[in-house]
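[1] Here is a sequence together with a model predicted from it:
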Amino acid sequence: MLGKKIRVLVVDDTIVYRKAVSDILSEMRGIEVVGVAHNGKIAVAKIQTLKPDLLTLDIEMPIMNGIEVLQYLQQHAPQVSAIMVSTLTSEGGDMTMRALELGAYDFILKPSSTNIADSKQQLRLLLTPLIKAFQTGRTAVGAMQPGTSARTPAPRPIAPGTKPATQQHATGVSSRQRTDAKEMRRQGKSEIIAIGISTGGPNALAKMMPMLPGNLGVPIVIVQHMPPVFTKSLANSLNAKCALTVKEAKNGEPILANVVYIAPGGKQMKLVASTDGTNRLIRITDDPPENSCRPSADYLFRSVADYYVGRATAVIMTGMGSDGTEGLKILKEKGALIIGQDESSCVVYGMPKTPADIGLTDVVAPLNRIAGEVVKTVK
């Protein structure tokens, strides 16, 4: 993939968005817009002749919608990836969850602004990091094993329970932090699981969460970077697949064992003490974004560290950026056990990378082993 341009086909039934997305992509280095299509049927025909690497794919289209195009890709062109373009509605959220389950790389929202210039700028801000992450993943995979797609990277097994070599030299953690972590011993098994995840997350969670037993015995709190509405669709989708109860978290509710609480999109989520001082409650806030994220894993992790000293497991999984790292440092100081997803099974090896590089991660595991490692920490 080195030096090779990413070929993109833009698929949308609205001419304004076809033009805007095409213009934005054409400005990017290493990207070639090879064509456009205004419905899925035309897109499928063009996939055969234009051989794109990536589609930007509208979900709701006449004749053949984005979901049907993804089903075609699964059957006939699994090497082609797709970034979905969705609307901020409950139906749009449900269809987007289905798209991600079918292997879509990620999704962006259609801008709500009626101003064309503003809409184009919003699209640029949303598309640019995703395209760059896709380029990076394709380049890395191409360097490892020519001909391997970004969605199916060449496996690089890391035995669960082993620490990265860099952990022996935790250059990113001060000696004082390391000393504190040793002093703050774990107090037996974990009583809560906290998960931070972003790009590639819905599909990863759909594979990992059903592997957890319904009698896990502890609550799980999750930050998945997503806009409003979509987190409820994610919770409903996971609840249908899992033995555990999965729900979008609500302000003020007590956290219960065997329930998974997903932070609502566009809000921050933390844990607080109840008035009796013995139970823990969910607090949903409008506090500012952290790391440009709301919800933010750092924000959640800090509160878990405060209330579960020596009794927490944190899991950092696939995603762009570094949200979660600062919170993991605090969790580590307070005796938490930290599990990181390995590079080969991440869609984007961003969020788990720095914690592994600086020695915060206790266990590195591929996606299909994370649930088993979590269970070990609570039973």
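    Perfect, I can see it now. Residues are numbered from 1 along each chain as shown.
[2] make it CA atoms for all contacts and neighbour counts henceforth
    OK.
[3] per-domain residue ranges of the protein.
    Dividing the chain into domains by automatic domain parsing, as the record does, gives the ranges 6-144, 165-378.
[4] Dump these to CSV, plus mean neighbour count.
    Output for the domains of the chain, formatted as CSV (neighbours: other C-alpha atoms under 10 Å):
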stretch, mean neighbour count
domain 6-144, 19
domain 165-378, 21
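[5] where in the stretch 201-350 of the chain is pLDDT low?
    Within the stretch 201-350 of the chain, the set of residues satisfying pLDDT under 70 is empty.
[6] which residues of it fall in helices?
    Using DSSP state H, counting those that start in this stretch, the helices of the stretch 201-350 of the chain run over 201-208, 230-241, 297-307, 325-333.
[7] Give me the contact list for the third one.
    The set of residues external to helix 297-307 that reach it, using C-alpha atoms under 8 Å, 6 or more residues apart in numbering, is 194-197, 223, 268-273, 290, 312, 314, 323-328, 330-331, 334, 336.
[8] swap in the first one?
    By C-alpha under 8 Å, 6+ apart, the surrounding residues in contact with helix 201-208 are 97, 100-101, 103, 224, 234, 238, 241, 317-319, 367-368, 370-371.
[9] and if we set it to 10 Å?
    96-106, 197-198, 211, 223-226, 231, 234-235, 237-242, 317-319, 345-348, 367-372 (C-alpha atoms under 10 Å, 6 or more residues apart in numbering).
[10] dump the residue contacts of S113.
    Contacts of S113 (C-alpha under 10 Å, 6+ apart): 119-120, 122.
[11] next one: G319
    By C-alpha under 10 Å, 6+ apart, the neighbours of G319 are 133, 196-201, 224-225, 346-353.
[12] quick one on the thing from earlier: can the helices of the stretch 201-350 of the chain go into JSON lines with extra columns for distance to E32?
    Below are the helices of the stretch 201-350 of the chain laid out as JSON lines (distance: least, C-alpha to C-alpha, whole Å):
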{"stretch": "helix 201-208", "distance to E32": "27"}
{"stretch": "helix 230-241", "distance to E32": "30"}
{"stretch": "helix 297-307", "distance to E32": "35"}
{"stretch": "helix 325-333", "distance to E32": "35"}
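[13] What ranges does the stretch 1-150 of the chain have for its strands?
    6-11, 31-37, 54-58, 81-86, 106-109 (DSSP state E, counting those that start in this stretch).
[14] Keeping just the C-alphas, turn the first one into PDB.
    Backbone C-alpha positions of strand 6-11 (Å, rounded to 0.1, in the frame of the first residue of the first chain) are rendered in PDB as follows:
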ATOM      1  CA  ILE A   6      -6.800   5.100  -1.600                       C
ATOM      2  CA  ARG A   7      -9.600   4.800  -4.300                       C
ATOM      3  CA  VAL A   8     -12.900   6.100  -3.000                       C
ATOM      4  CA  LEU A   9     -16.400   5.800  -4.500                       C
ATOM      5  CA  VAL A  10     -18.900   8.400  -3.100                       C
ATOM      6  CA  VAL A  11     -22.500   7.000  -2.800                       C
END
